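In: structure here, sequence nowhere to be found:
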C-alpha cells in the first residue's frame, strides 16, 4: 500500500508541474502573438495602467518552471516510458523490466497502471512543448537515469535537483530525438486507436495537442515525412477518430494535425525536388 501511494504521489507531482508548464507556455505564446497596444494620449494611459494593476507579466509563470525543466523533462520522459511499457498487451509482459519502472515496483504494477492512466496526458503534452521549445537540441544524458535505477533505490520525495551517477549515454542527439518522437507518437497512436468510452474528452484533447505541438517543429515533420509508414498509420488513426469522436473541438484539432502531416509530406517532396534540381544543374554545368 505504501509503495502504491508513493507512485501516486510522485505522478501527481509530475502531473501538476506538467499542467503548470502547459499553462505557462500557453500564456507565453499568447503574449508573443498579441499585438502591442498603441500609445494613447491623455487619460487613456491612466485607464490602461489602472486596468493592468492586478495583471502579472506574461513570463511570470514560465520563470517558475524554467529552472526545473532539465530535471522535470527527464522525469516526464521516464514516466512516459513507464506508461508505454505498462500499456503493452499481455503477450508482451516479458518485456517489462523485472525490477519495475521509474516510479513503480513489480508488486504494485496493477495499481500503478491506474495512476499512470490518470497522469500521462498532461505529461505527454508537457514533453512535446519542451521538445518544441528547445528545437530538439536538448541532449539530457541522464534522461534514462530514473528508468535505469531500481525503484527501491529511489527516495520517496521527488528531488528537483538530484545528483546522477549514471554514465553518459553513447547515443547521438539524432538517435535520442528519434527515440523521443517514437515514444510520443507511439503512446499517442496506441491511445487514439481505441479510446475507452469512459475516457474524458480532456485526455483526447491533450493527446492531440501533444501531437500538434510536436509537429510544429520542422525536425518532427521531417522525421514523420521520411517514415511514410508512420505517417500513414497516424492518418488512419486520425480518420477513425474523426468518424467516432463527436465533440467539434476534437474534430477541429484532428483536422489541424492532418494538415501538419500533409505539410510535412509537401515540404519533404519539395526538398527532394530541390535536391534533384541541384544535381541536374551540376550535371549540365559541371564548371
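Out: That came in fine, so what should we check first? All values derive from a computational prediction rather than experimental measurement.
In: for residue 192, give its distance to residue 122.
Out: Distance, residue 192 to residue 122, using C-beta to C-beta, to the nearest Å: 16 Å. All C-beta atoms are positioned from the backbone trio N, CA, C, and that covers glycine.
In: so those two - more neighbours on which side?
Out: Counted by other C-beta atoms under 10 Å, residue 192 and residue 122 do not tie: residue 122 has more neighbours, with 23 against 20.
In: what average pLDDT does the helix or strand harbouring that one get?
Out: According to DSSP states H and E, residue 122 maps onto helix 109-134. For helix 109-134, mean pLDDT is 92.
In: give the buried residues for that helix.
Out: Neighbour-count burial for helix 109-134 flags 109, 112, 115-117, 119-133 (criterion: 16 or more other C-beta atoms under 10 Å).
In: equivalent analysis for stretch 87-97, please.
Out: 87, 97.
In: show me how far it is from its chain's centre.
Out: Put simply, stretch 87-97 sits 23 Å off its chain's centre (C-alpha atoms, centre = their mean, to the nearest Å).
In: ok, residue 20 to residue 33 distance?
Out: Applying C-beta to C-beta to residue 20 and residue 33 gives a distance of 21 Å.
In: those two: which is more packed in?
Out: Neighbour totals were compared for residue 20 and residue 33, and residue 20 leads with 18 against 7 (other C-beta under 10 Å).
In: got the contact list for the more buried one?
Out: 61, 64, 65 (C-beta atoms under 8 Å, 6 or more residues apart in numbering).
In: between those residues, which sits nearest residue 282?
Out: Closest to residue 282 out of those is residue 65 (48.9 Å), distances taken as C-beta to C-beta.
In: okay, now the closest one: neighbour count?
Out: There are 19 residues near residue 65, going by other C-beta under 10 Å.
In: kindly report the same for residue 4.
Out: Count around residue 4 with other C-beta under 10 Å applied: 18.
In: surely it touches residue 108?
Out: Yes: between residue 4 and residue 108 there is a contact at 4.6 Å, judged by C-beta atoms under 8 Å.
In: quick revisit: which other helices and strands contact the helix holding residue 122?
Out: helix 2-33, helix 69-86, helix 173-193, helix 201-214 (3 or more C-beta pairs under 8 Å, 6 or more residues apart in numbering; DSSP states H and E).
In: CSV please, covering those and showing distance to residue 261 and mean pLDDT.
Out: Listed next are the helices and strands packed on helix 109-134 as CSV, based on distance: least, C-beta to C-beta, whole Å; pLDDT from 0 to 100:
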stretch, distance to residue 261, mean pLDDT
helix 2-33, 22, 88
helix 69-86, 22, 94
helix 173-193, 11, 90
helix 201-214, 9, 94
